[in-house]
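Enquirer: Build the 3D model from these lines:
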Amino acid sequence: MNHNKGFTLIELLVVIAIIAILAAILFPVFAQAKLAAKKTQDLSNLKQIGLAAMMYANDYNDFYPRNDYLGVGRQTWAPITYRELVGPYVKNGIEQQSYIMLNSNSTGPLADTGIWSSPTQPPGRFGYGANQALFPSGQQMRGSSNCGDNYSGMLFNDQNCDGSAGPGPSAPSVSQTQLPTPSNTLMLTTLGINVSYGSANVYMQSSEWWWAGAGAQLRGATIPPTWDADPANDDYSGSLTGNGPASALPRFRYTLGANVAWGDGHAKYKKKGALGWCTDMFVQGSMIDPYNTSALDDSSDFDAGQACAGYTP
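Expert: Residues are numbered from 1 along each chain as shown. Purely as a prediction, here's the structure:
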């Protein structure tokens, strides 16, 4: 006589319930492990880029690279950036592209794949941005006209719109020896991606005015919560409830924090609330605000009643 029998309905329900409980416990663990792996990869990317920037500086009298400048034959929206400058030291993610050139029969280097993209960012260019206090923006400092790209400043005029040399003086580069504490000065971190354009801003907004909520005087000059995003469109009105210039500000992608490459080349994670303009971005004498001819480095923000009051400049 065959005494074998199948599971009863109750037994099946018990097994299914146990599997469901285990899945509920393990799936979040798997997701956290996956995010942790991406965080580690992101930190490695920034470490390699930061070291490449330091190697570049060693070859150029200790000066950091420029963040961006117009290139002869290139579209104004695709300037040469620090990425292409330090690319030869990284040898990763630099491709020759024709669509960035005015003449489609020619090509130019563009860093937009591989190490130049954060593992958790939406598809797009310029996922890692630089502090202009270390990597000055040539476009921001250009003085004559906006060349159709809305980047013109008012202090210098060392470039014409076609990328050729202009008649004015050059915006000064920055040397590591100028930094009081290179190891505590933000050099590179992740930016928000404007998903409509598939790109972050060419440069990071490195003035306290943006970090403090467009003049809202947030304590310590930290980024308003809604500005930590990958927006459909940026909002430059200064509203603290809008998107803000999210594609030009740090994006805290890993457990409310971000990986950072610092001014001496080392890379380290820092929590969102602890990363601020007053403590991590400001550099005495740096030229980050071309529209403010009276206070180029925004030192006045450390005065009593201002966003950085109580902090040491």
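Enquirer: In the sheet, which residues pair with the residue nearest the centre of the chain? Tell me.
Expert: Ranked by distance to the mean C-alpha position of the chain (CA atoms, centre = their mean), the top residue is residue 129 at 2.7 Å. When assigned by DSSP bridges, residue 129 has beta-bridge partners residue 189.
Enquirer: what do you get for residue 110?
Expert: residue 95.
Enquirer: For the stretch 201-313 of the chain, which residues score under the pLDDT cut-off?
Expert: 289-296 (pLDDT under 70).
Enquirer: all helices of it, in order?
Expert: 208-211, 277-280 (DSSP state H, counting those that start in this stretch).
Enquirer: what packs against the last one?
Expert: I take that to be helix 277-280. The contact analysis (3 or more CB pairs under 8 Å, 6 or more residues apart in numbering; DSSP states H and E) places helix 277-280 against helix 208-211. C-beta: built from backbone N, CA, C; applies to glycine.
Enquirer: what's stretch 163-181 in contact with?
Expert: By CB atoms under 8 Å, 6 or more residues apart in numbering, the residues outside stretch 163-181 that reach it are 54, 57, 61-64, 66, 69-74, 133-136, 138, 141-144, 155-160, 182, 185, 263-264, 283-287.
Enquirer: So for that stretch, what gets flagged as buried?
Expert: 163, 166, 170, 171, 173, 174, 176, 178, 179 (16 or more other CB atoms under 10 Å).
Enquirer: Run the chain-centre distance for that stretch.
Expert: Remark: stretch 163-181 is offset 20 Å from the chain centroid, using CA atoms, centre = their mean, to the nearest Å.
Enquirer: That stretch spans what distance, first to last residue?
Expert: With CA to CA, to the nearest Å as the measure, stretch 163-181 spans 34 Å from end to end.
Enquirer: Please apply the same query to stretch 297-309.
Expert: Using CA to CA, one end of stretch 297-309 lies 15 Å from the other.
Enquirer: try stretch 60-79
Expert: Counting by CA to CA, you get 21 Å between the two ends of stretch 60-79.
Enquirer: Distance from that stretch to the middle of the chain?
Expert: Using CA atoms, centre = their mean, the offset of stretch 60-79 from its chain centre is 16 Å.
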